[in-house]
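> Quick one: sequence and predicted model below, then my questions.
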Amino acid sequence: MNKGVFFVTGFSLILAGCAKTPVYYEELPIQRETDKVIEVTPRENKAQTQINAMINNMLSSKTVEGITQKSVPILFVEGIKNKSPEHLDTDAITEAITSALLASGKFNFVDKARVEEVRAQLDFNNDQALVNPGTAIQFGKMVGAQYMLYGNISSFDKGDGVEEDLYYLLSMRLMELETGLIEWTGVSEMKKTNQNDM
């Protein structure tokens, strides 16, 4: 009987100890149900909004509409390069661009592992830009892509001479990897603010 009392008391103490442990919850995107379709709205920052606008501009261009009208071409998104003195999370920007394009359903994408494998074969590192058409064409053939989207971010000051504001300039180009022709180019300017986490 004493063993039973000790067991129940010990078990109660364990439960009481667990109850005091704080629990943390991850913040999730807002979901709305519309006509049995769940719409997920991510919490976007200013940079994400600007990127989405630029991708929409690309997808609505006559050239890209013509490219994607009858087929779903294979695209490779080259990492966005940071040409500014600021520290920028270019991996996150590249991922945001890829996600926006993937959500459009207009392009298929090359597997990231295959891209890294070809980079290793050609002895490229991730910082080398594939802007040389000859190199890009060779790279595209090896990874199985028809198009490559690449770009960079630069920064500049703009103001009245008394007070300067920092601006980011995101420029992107879509290259056909068979010919090396630039099919689309876009530039987007954005003022740096405290809310901007580019």
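Cool, the structure landed.
> In this structure, what residue spans correspond to helices?
2-19, 46-59, 62-69, 90-104, 112-121, 133-143 (DSSP state H).
> can you list these in TSV and add distance to L181, mean pLDDT and mean neighbour count?
In short, each C-beta sits where N, CA and C put it, glycine included. TSV is the format used below for those (distance: least, Cβ to Cβ, whole Å; pLDDT from 0 to 100; neighbours: other Cβ atoms under 10 Å):
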stretch	distance to L181	mean pLDDT	mean neighbour count
helix 2-19	64	49	9
helix 46-59	15	86	18
helix 62-69	10	94	14
helix 90-104	19	90	16
helix 112-121	22	81	14
helix 133-143	8	80	17
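> Now render the ones you listed as JSON lines, adding distance to E178.
Putting the helices of the chain into JSON lines (distance: least, Cβ to Cβ, whole Å) gives the following:
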{"stretch": "helix 2-19", "distance to E178": "62"}
{"stretch": "helix 46-59", "distance to E178": "19"}
{"stretch": "helix 62-69", "distance to E178": "12"}
{"stretch": "helix 90-104", "distance to E178": "20"}
{"stretch": "helix 112-121", "distance to E178": "17"}
{"stretch": "helix 133-143", "distance to E178": "7"}
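> To S188, which of the ones you listed lies closest?
helix 46-59 (4.7 Å; Cβ to Cβ).
> Dump the C-alpha coordinates for that closest one into PDB.
Extracted in PDB, the C-alpha atoms of helix 46-59 (Å, rounded to 0.1, in the frame of the first residue of the first chain):
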ATOM      1  CA  LYS A  46       7.800  45.300 -48.500                       C
ATOM      2  CA  ALA A  47      10.500  43.400 -50.400                       C
ATOM      3  CA  GLN A  48       8.200  40.400 -51.000                       C
ATOM      4  CA  THR A  49       5.500  42.700 -52.400                       C
ATOM      5  CA  GLN A  50       8.000  44.300 -54.700                       C
ATOM      6  CA  ILE A  51       9.300  40.900 -55.900                       C
ATOM      7  CA  ASN A  52       5.800  39.600 -56.600                       C
ATOM      8  CA  ALA A  53       5.000  42.800 -58.600                       C
ATOM      9  CA  MET A  54       8.200  42.300 -60.700                       C
ATOM     10  CA  ILE A  55       7.400  38.600 -61.300                       C
ATOM     11  CA  ASN A  56       3.800  39.500 -62.300                       C
ATOM     12  CA  ASN A  57       5.300  42.100 -64.700                       C
ATOM     13  CA  MET A  58       7.500  39.400 -66.200                       C
ATOM     14  CA  LEU A  59       4.700  36.900 -66.600                       C
END
